[in-house]
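Asker: Sequence unavailable; structure follows:
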């Protein structure tokens, strides 16, 4: 299956390749930043986007050790999830499960030119944000976005999107660890099997047109863009930085809180916002997660609570206005 997915990535058309800059930097080159963490730029003759390559867990042993937190493989990505289990967050009077919207996570991808891309996002409370940002900048890790994913909530939480492109992923991992150590982000826990969630998941799957997956007490449906997405000099593998997620937190009696983000291009934004509002879904944010992606991607974050299947129908109408397909291999 991995080979099939890799071939599919190669076979899809590459968006806006003619406009690829000859020197697209993915992270700031700062005085005093470790050389291994600085942004990489393609040479004047190297204009073709670089493809990701498949790796094994052993290839990331040094990164895992430097990060100080265990990870796992998700297709092309070495992924580490760090949900904010230490926080008690309420939005609209509902206590937010960490897997619903409080999931710090980072992914590393190896490329054919032996470089490595880091992408991820971190959940920090407001009093952590400035020191966390300072340490990221000291280590050459770019903040591609700082914004909200929830409506009125306590305590005040911010989401920071992370980006670095380097030939030295261990240095990047050390920088991440130093930044995480300035927050209350807890260590990762071993992955365990998730119990069934208290929702009619078969009905949700039928509505959403995708087989969802459980993550703790959350049920998640995930889609990826049909286009090949290029970020600076590299191709993003399906599931990295260009996913639409629909997350259901059971509230009992067939009800759920929904939170997530839909990935859209500029031409789709208006239709998505209209479909969400017509379905009674509240809008939270519209923003970017990257600086140099092609096609240019926007993320529409939303919130709803009520009957889970009815809300799934509303979200599906919005999803259907976008150019996405179910995540290969499920929602993992």
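Answerer: Received it, and whenever you're ready, just let me know what you need. The structure presented is a predicted model; accordingly, all values stated were derived computationally and were not measured.
Asker: where are the low-confidence patches of the stretch 51-200 of the chain?
Answerer: 191-193 (pLDDT under 70).
Asker: Okay, helices next: where are they in it?
Answerer: Along the stretch 51-200 of the chain, the stretches classed as helices by DSSP state H, counting those that start in this stretch are 61-67, 98-101, 126-138, 169-180.
Asker: In the third one, which residues are buried?
Answerer: So the one you mean is helix 126-138. Buried residues in helix 126-138, defined by neighbour count with 16 or more other C-beta atoms under 10 Å: 128-129, 132-133, 135-138. (C-beta placed from N, C-alpha, C; glycine too.)
Asker: What is the nearest of those to residue 286?
Answerer: residue 129 (21.0 Å; C-beta to C-beta).
Asker: Can you report how many residues neighbour the nearest residue to residue 129 once chain neighbours are set aside?
Answerer: Distance criterion C-beta to C-beta, 6 or more residues apart in numbering; nearest residue to residue 129, sequence neighbours excluded, is residue 158 at 5.3 Å. Residues near residue 158, counting by other C-beta atoms under 10 Å, number 17.
Asker: now the strands: where do they sit in the stretch 201-332 of the chain?
Answerer: Assigned by DSSP state E, counting those that start in this stretch, the strands in the stretch 201-332 of the chain fall at 213-215, 218-225, 229-231, 234-236, 243-252, 255-264, 282-287, 293-294, 298-307, 324-326.
Asker: residues contacting the spatially most central residue of the chain?
Answerer: In the chain, the centroid-proximal residue (C-alpha atoms, centre = their mean) is residue 241; its distance is 5.0 Å. By C-beta atoms under 8 Å, 6 or more residues apart in numbering, the contact set of residue 241 is 119, 229, 231, 289-290, 293, 297.
Asker: could these be laid out in a markdown table, adding neighbour count and distance to residue 150?
Answerer: Formatted as a markdown table, those follow (neighbours: other C-beta atoms under 10 Å; distance: C-beta to C-beta, whole Å):
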| residue | neighbour count | distance to residue 150 |
| --- | --- | --- |
| 119 | 23 | 21 |
| 229 | 27 | 26 |
| 231 | 25 | 26 |
| 289 | 22 | 16 |
| 290 | 22 | 21 |
| 293 | 20 | 24 |
| 297 | 20 | 21 |
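Asker: From these, pick the one nearest residue 269.
Answerer: residue 297 (10.5 Å).
Asker: ok, for that closest one, nearest residue in space, not its chain neighbours?
Answerer: residue 263 (5.5 Å).
Asker: for the one you found, which residues make a bridge with it?
Answerer: residue 299 (DSSP bridges).
Asker: Does it touch residue 225 like I think?
Answerer: Yes - assessed by C-beta atoms under 8 Å, residue 263 is found in contact with residue 225 at 6.1 Å.
Asker: Common neighbours of these two, please.
Answerer: 242, 297, 324.
Asker: can you redo the residues you listed as a markdown table with distance to residue 60 and pLDDT?
Answerer: Below are those laid out as a markdown table (distance: C-beta to C-beta, whole Å; pLDDT from 0 to 100):
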| residue | distance to residue 60 | pLDDT |
| --- | --- | --- |
| 242 | 22 | 90 |
| 297 | 26 | 96 |
| 324 | 29 | 96 |
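Asker: can you redo those as a markdown table with distance to residue 271?
Answerer: Formatted as a markdown table, these follow (distance: C-beta to C-beta, whole Å):
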| residue | distance to residue 271 |
| --- | --- |
| 242 | 18 |
| 297 | 15 |
| 324 | 13 |
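Asker: quick one: which of those is nearest to residue 274?
Answerer: Closest to residue 274, out of all of those and judged by C-beta to C-beta, is residue 324, at 17.4 Å.
Asker: which residues does the closest residue to that closest one other than its chain neighbours bridge with?
Answerer: Ranked by C-beta to C-beta, 6+ apart and with sequence neighbours excluded, the top spatial neighbour of residue 324 is residue 223, at 3.9 Å. Assessed by DSSP bridges, residue 223 has beta-bridge partners residue 244, residue 326.
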